[in-house]
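>>> this one's sequence-less:
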């Protein structure tokens, strides 16, 4: 009887056994690697979901911040000052509407029924309105005047009204000082039938916008 180690079948069996062992080891390694990759993928998906939630939260805060900032640029009432300020603190100028009624000053009275100077000078006794504004130079190096060309007035139906080509009080004020100006408009219907007006001051030189809503009665 031949010794086993001299038998070809014996060595073939040994080779197959070793090769099978190597395949099994390789398979186990691949399984472990696959499990590791699966775990990493699951972790990444979880982190990605958390990042998406964080991004949504931050986006919402940003949106709320924008809304909040926008709401601060509110519509002002009579005797409330709208201040243009860079970065929220660096004041440039302020606008305050102090009058919107038919208590005409001497200049305004001289415009009532005026026909000699054209329609742009004729203040209606029924529809006419005198508007008075205070303007303050807080931080402008150049003297400041709230010019009527930068004012737009709307009636309670959102329609623009006629601006007369007159402005009483055209003092340009230096930093730290306040001026007062008057101007006149003709409403689209009698003053007694107009509930409120909206006033927009929008200058093209500095870029400021101020909005007012003034009740007339």
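That came in fine, so what should we check first? As the structure is a computational prediction, the values presented were derived from the model and not from experiment. Numbering: from 1, shown residues only.
>>> in the longest strand along the chain, what's buried?
Longest strand in the chain, counting residues (DSSP state E): strand 90-101. For strand 90-101, a neighbour-count test (16 or more other Cβ atoms under 10 Å) marks 92-97, 99-100 as buried. Using the backbone N, CA and C atoms, a C-beta is placed for each residue, glycine as well.
>>> one more: stretch 163-179?
163-164, 166-169, 173, 179.
>>> which stretches in the protein count as helices?
8-72, 106-111 (DSSP state H).
>>> pick out the shakiest of those helices, pLDDT-wise.
Ranked by mean pLDDT, the helices of the chain bottom out at helix 8-72, which scores a mean of 55.
>>> straight-line length of stretch 201-208, end to end?
Terminal residues of stretch 201-208 are spaced 8 Å apart (Cα to Cα, to the nearest Å).
>>> residues touching it, excluding its own?
82, 84, 92-93, 95, 133, 140, 146-147, 150-152, 209-212 (Cβ atoms under 8 Å, 6 or more residues apart in numbering).
>>> quick check: the two most widely separated of these?
140 and 152 (21.9 Å; Cβ to Cβ).
>>> how about residue 128, what does it touch?
Applying Cβ under 8 Å, 6+ apart, we find residue 128 in contact with 102, 104, 108, 111-112, 184-187, 191.
>>> around the closest residue to residue 201 other than its chain neighbours, count how many other residues there are.
Of all residues beyond its chain neighbours, the one nearest residue 201 is residue 210 (4.3 Å), with distances taken as Cβ to Cβ, 6 or more residues apart in numbering. With neighbours defined by other Cβ atoms under 10 Å, the count for residue 210 comes to 25.
>>> surely residue 210 touches residue 75?
No. With contact defined as Cβ atoms under 8 Å, residue 210 does not reach residue 75; the gap is 9.3 Å.
>>> distance of residue 123 relative to residue 201?
21 Å (Cβ to Cβ, to the nearest Å).
>>> what about the buried residues of stretch 163-179, which are in strands?
Members of the buried residues of stretch 163-179 lying in strands (criterion: DSSP E): 163-164, 166-168, 179.
>>> could you redo the residues you listed as TSV and give each row distance to residue 128 and pLDDT?
Below are these laid out as TSV (distance: Cβ to Cβ, whole Å; pLDDT from 0 to 100):
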residue	distance to residue 128	pLDDT
163	12	97
164	8	97
166	11	94
167	15	97
168	14	97
179	23	98
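>>> neighbouring contacts of the longest strand of the chain?
76, 78-86, 129-140, 144, 146, 180, 182, 191, 197, 199, 201, 206, 208, 210, 212, 214, 216.
>>> now swap in stretch 162-181 and tell me
Under the contact criterion Cβ under 8 Å, 6+ apart, stretch 162-181 has outside partners 98, 105, 107-108, 111, 120-123, 132-141, 143-148, 151-153, 182-186.
>>> end-to-end on that stretch?
18 Å.
>>> what do you get for stretch 113-129?
One end of stretch 113-129 to the other measures 13 Å (Cα to Cα).
>>> and if you look at stretch 85-95?
With Cα to Cα as the measure, stretch 85-95 spans 12 Å from end to end.
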